[in-house]
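Enquirer: Could you look at this predicted model? Sequence included:
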Amino acid sequence: MKTGVLFVCLGNICRSPLAHALFEYEIRQRGLSDSVFVDSCGCSSWHSGDLPDPRMRTEAARHGIDMTHRARRITASDGKNFDYIFAMDEEICDRLFDELGEKYWSKIRKFRVWDTDSSAGGIDVPDPYYGSKKDFASVYDICERNCRLIADRLFPV
Ligand code: 4NP
(Lines give C-alpha, C1' and ligand atoms only; values in the text may rest on other atoms or scores of the structure.)
Protein backbone atom coordinates (compact mmCIF):
# COMPACT_ATOMS: atom_id res chain seq x y z
CA MET A 1 0.00 0.00 0.00
CA LYS A 2 1.32 3.41 -0.98
CA THR A 3 1.53 6.28 1.50
CA GLY A 4 -0.38 9.41 0.41
CA VAL A 5 0.68 12.98 1.19
CA LEU A 6 -1.64 15.90 0.40
CA PHE A 7 -0.89 19.65 0.50
CA VAL A 8 -3.78 22.10 0.84
CA CYS A 9 -4.10 25.88 0.35
CA LEU A 10 -6.93 28.15 -0.73
CA GLY A 11 -6.78 28.38 -4.52
CA ASN A 12 -4.48 25.42 -5.29
CA ILE A 13 -2.59 27.57 -7.79
CA CYS A 14 0.27 29.01 -5.70
CA ARG A 15 1.40 27.47 -2.40
CA SER A 16 0.10 23.89 -2.37
CA PRO A 17 0.96 23.00 -6.00
CA LEU A 18 4.48 24.29 -5.32
CA ALA A 19 4.79 22.12 -2.19
CA HIS A 20 3.34 19.24 -4.26
CA ALA A 21 6.03 19.63 -6.97
CA LEU A 22 8.86 20.10 -4.44
CA PHE A 23 7.76 17.14 -2.33
CA GLU A 24 7.57 14.92 -5.42
CA TYR A 25 11.13 15.98 -6.16
CA GLU A 26 12.19 14.98 -2.60
CA ILE A 27 10.44 11.62 -2.97
CA ARG A 28 12.12 10.97 -6.33
CA GLN A 29 15.51 11.87 -4.85
CA ARG A 30 14.94 9.31 -2.10
CA GLY A 31 13.92 6.62 -4.60
CA LEU A 32 10.45 6.35 -3.06
CA SER A 33 8.26 7.17 -6.06
CA ASP A 34 6.80 3.64 -6.06
CA SER A 35 5.73 3.79 -2.42
CA VAL A 36 4.60 7.40 -1.91
CA PHE A 37 2.00 9.40 -3.85
CA VAL A 38 1.68 13.15 -3.61
CA ASP A 39 -1.18 15.52 -4.48
CA SER A 40 -2.48 19.00 -3.70
CA CYS A 41 -5.85 20.72 -3.61
CA GLY A 42 -7.59 23.92 -2.49
CA CYS A 43 -10.41 24.76 -0.10
CA SER A 44 -12.05 26.77 -2.90
CA SER A 45 -13.05 25.84 -6.45
CA TRP A 46 -12.22 29.31 -7.79
CA HIS A 47 -9.42 28.05 -10.02
CA SER A 48 -10.46 24.41 -10.53
CA GLY A 49 -8.88 23.00 -13.70
CA ASP A 50 -6.31 25.81 -13.94
CA LEU A 51 -2.56 25.44 -14.15
CA PRO A 52 -0.63 27.11 -11.29
CA ASP A 53 -0.32 30.91 -11.26
CA PRO A 54 2.27 32.00 -13.87
CA ARG A 55 4.19 33.96 -11.19
CA MET A 56 4.57 30.78 -9.10
CA ARG A 57 5.51 28.71 -12.15
CA THR A 58 8.16 31.26 -13.12
CA GLU A 59 9.71 31.24 -9.67
CA ALA A 60 9.71 27.41 -9.59
CA ALA A 61 11.18 27.20 -13.10
CA ARG A 62 14.04 29.48 -12.00
CA HIS A 63 14.98 26.63 -9.63
CA GLY A 64 14.43 23.90 -12.23
CA ILE A 65 11.04 22.80 -10.88
CA ASP A 66 8.20 22.20 -13.34
CA MET A 67 4.64 22.74 -12.06
CA THR A 68 1.97 20.95 -14.13
CA HIS A 69 -0.77 20.25 -11.56
CA ARG A 70 -4.36 21.25 -12.39
CA ALA A 71 -6.20 22.88 -9.51
CA ARG A 72 -8.97 20.99 -7.75
CA ARG A 73 -11.13 21.54 -4.70
CA ILE A 74 -10.82 19.27 -1.65
CA THR A 75 -13.35 16.41 -1.52
CA ALA A 76 -14.73 14.38 1.39
CA SER A 77 -12.81 11.29 0.18
CA ASP A 78 -9.43 13.06 0.57
CA GLY A 79 -9.60 12.31 4.30
CA LYS A 80 -9.75 8.59 3.59
CA ASN A 81 -7.35 8.54 0.63
CA PHE A 82 -4.36 10.33 2.20
CA ASP A 83 -2.23 9.49 5.23
CA TYR A 84 -0.78 12.96 5.82
CA ILE A 85 -2.60 16.21 5.04
CA PHE A 86 -0.62 19.46 5.31
CA ALA A 87 -2.39 22.83 5.61
CA MET A 88 -0.41 25.78 4.25
CA ASP A 89 -1.77 28.17 6.91
CA GLU A 90 -3.82 28.36 10.09
CA GLU A 91 -7.07 29.28 8.35
CA ILE A 92 -6.75 26.35 5.93
CA CYS A 93 -6.12 24.08 8.90
CA ASP A 94 -9.43 25.19 10.48
CA ARG A 95 -11.24 24.74 7.18
CA LEU A 96 -9.84 21.23 6.83
CA PHE A 97 -11.16 20.27 10.25
CA ASP A 98 -14.63 21.40 9.07
CA GLU A 99 -14.37 19.78 5.62
CA LEU A 100 -13.01 16.37 6.60
CA GLY A 101 -14.66 15.65 9.93
CA GLU A 102 -13.34 14.37 13.24
CA LYS A 103 -12.42 10.92 11.96
CA TYR A 104 -9.52 12.36 9.96
CA TRP A 105 -8.32 15.14 12.25
CA SER A 106 -5.26 13.17 13.30
CA LYS A 107 -3.99 13.24 9.70
CA ILE A 108 -4.00 17.06 9.51
CA ARG A 109 -0.86 19.07 10.28
CA LYS A 110 0.35 22.57 9.59
CA PHE A 111 2.91 22.62 6.81
CA ARG A 112 5.50 24.54 8.87
CA VAL A 113 5.09 22.35 11.96
CA TRP A 114 8.79 21.39 11.96
CA ASP A 115 10.19 24.69 10.71
CA THR A 116 12.80 26.24 12.99
CA ASP A 117 12.81 29.49 10.98
CA SER A 118 9.66 31.41 11.88
CA SER A 119 10.50 34.49 9.79
CA ALA A 120 8.18 35.42 6.90
CA GLY A 121 4.79 34.34 8.20
CA GLY A 122 5.52 32.44 11.42
CA ILE A 123 3.64 29.14 11.25
CA ASP A 124 1.84 30.20 8.04
CA VAL A 125 3.01 30.12 4.44
CA PRO A 126 1.87 33.66 3.55
CA ASP A 127 -0.66 33.85 0.70
CA PRO A 128 1.29 35.48 -2.19
CA TYR A 129 -1.68 35.96 -4.53
CA TYR A 130 -1.93 39.73 -4.02
CA GLY A 131 1.79 40.06 -3.35
CA SER A 132 4.97 40.93 -5.24
CA LYS A 133 7.67 38.92 -6.98
CA LYS A 134 9.57 39.00 -3.69
CA ASP A 135 6.62 37.35 -1.93
CA PHE A 136 6.62 34.52 -4.46
CA ALA A 137 10.37 34.06 -3.94
CA SER A 138 9.80 33.93 -0.18
CA VAL A 139 7.05 31.30 -0.60
CA TYR A 140 9.48 29.27 -2.68
CA ASP A 141 12.15 29.34 0.05
CA ILE A 142 9.64 28.38 2.75
CA CYS A 143 8.21 25.51 0.69
CA GLU A 144 11.60 24.15 -0.37
CA ARG A 145 12.94 24.13 3.22
CA ASN A 146 9.80 22.60 4.70
CA CYS A 147 9.35 19.92 2.04
CA ARG A 148 12.84 18.73 2.92
CA LEU A 149 12.03 18.83 6.64
CA ILE A 150 8.77 16.92 6.13
CA ALA A 151 10.47 14.30 3.94
CA ASP A 152 13.21 13.91 6.58
CA ARG A 153 10.58 13.29 9.26
CA LEU A 154 8.21 11.03 7.34
CA PHE A 155 10.67 9.17 5.13
CA PRO A 156 14.15 9.30 6.71
CA VAL A 157 16.96 7.95 4.53
P1 4NP B 1 -3.05 29.80 -3.02
O2 4NP B 1 -3.18 31.36 -3.41
O3 4NP B 1 -4.10 29.55 -1.97
O4 4NP B 1 -1.67 29.70 -2.50
O5 4NP B 1 -3.29 29.04 -4.31
C6 4NP B 1 -4.37 31.97 -3.80
C7 4NP B 1 -4.80 31.84 -5.10
C8 4NP B 1 -5.95 32.50 -5.51
C9 4NP B 1 -6.65 33.29 -4.61
C10 4NP B 1 -6.22 33.42 -3.30
C11 4NP B 1 -5.08 32.73 -2.89
N12 4NP B 1 -7.81 34.00 -5.04
O13 4NP B 1 -8.31 34.85 -4.28
O14 4NP B 1 -8.27 33.76 -6.18
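Expert: Right, received. Where do you want to start?

Enquirer: contacts, neighbours, all on C-alpha from now
Expert: Will do.

Enquirer: Output the set of residues of the protein in proximity to the ligand.
Expert: 9-15, 127, 129 (C-alpha under 6 Å from any ligand atom).

Enquirer: And the buried ones among those residues, selectable in PyMOL?
Expert: Command for PyMOL that selects the buried part of the residues of the chain next to the ligand, burial taken from 16 or more other C-alpha atoms under 10 Å:
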select buried, resi 9+10+11+12+13+14+15+127
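
Enquirer: who are the neighbours in contact with the nearest residue to residue 83 once chain neighbours are set aside?
Expert: Closest residue in space to residue 83, ignoring its immediate chain neighbours: residue 4 at 5.2 Å, by C-alpha to C-alpha, 6 or more residues apart in numbering. Residue 4 makes contacts with 36-39, 81-84, as judged by C-alpha atoms under 8 Å, 6 or more residues apart in numbering.

Enquirer: redo that, cut-off 6 Å
Expert: 36-38, 82-83 (C-alpha atoms under 6 Å, 6 or more residues apart in numbering).

Enquirer: for residue 124, same thing?
Expert: Going by C-alpha under 6 Å, 6+ apart, residue 124 touches residue 89.

Enquirer: Local confidence estimate at it?
Expert: pLDDT, residue 124: 98.

Enquirer: how would you label it: helix, strand or coil?
Expert: coil (DSSP: H, G, I helix; E, B strand; the rest coil).

Enquirer: Now intersect the residues of the chain next to the ligand with the strands, please.
Expert: residue 9 (DSSP state E).

Enquirer: Please dump the residues of the chain next to the ligand into CSV; it should also carry pLDDT and distance to residue 75 for every row.
Expert: Output for those, formatted as CSV (pLDDT from 0 to 100; distance: C-alpha to C-alpha, whole Å):
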residue, pLDDT, distance to residue 75
9, 98, 13
10, 98, 13
11, 98, 14
12, 98, 13
13, 98, 17
14, 99, 19
15, 99, 18
127, 98, 22
129, 98, 23
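
Enquirer: related to what we said a few turns ago, for the helix or strand hosting the residue nearest to residue 83, which positions count as buried?
Expert: Residue 4 belongs to strand 3-9 when assigned by DSSP states H and E. Going by neighbour count (16+ other C-alpha under 10 Å), the buried part of strand 3-9 is 4-9.
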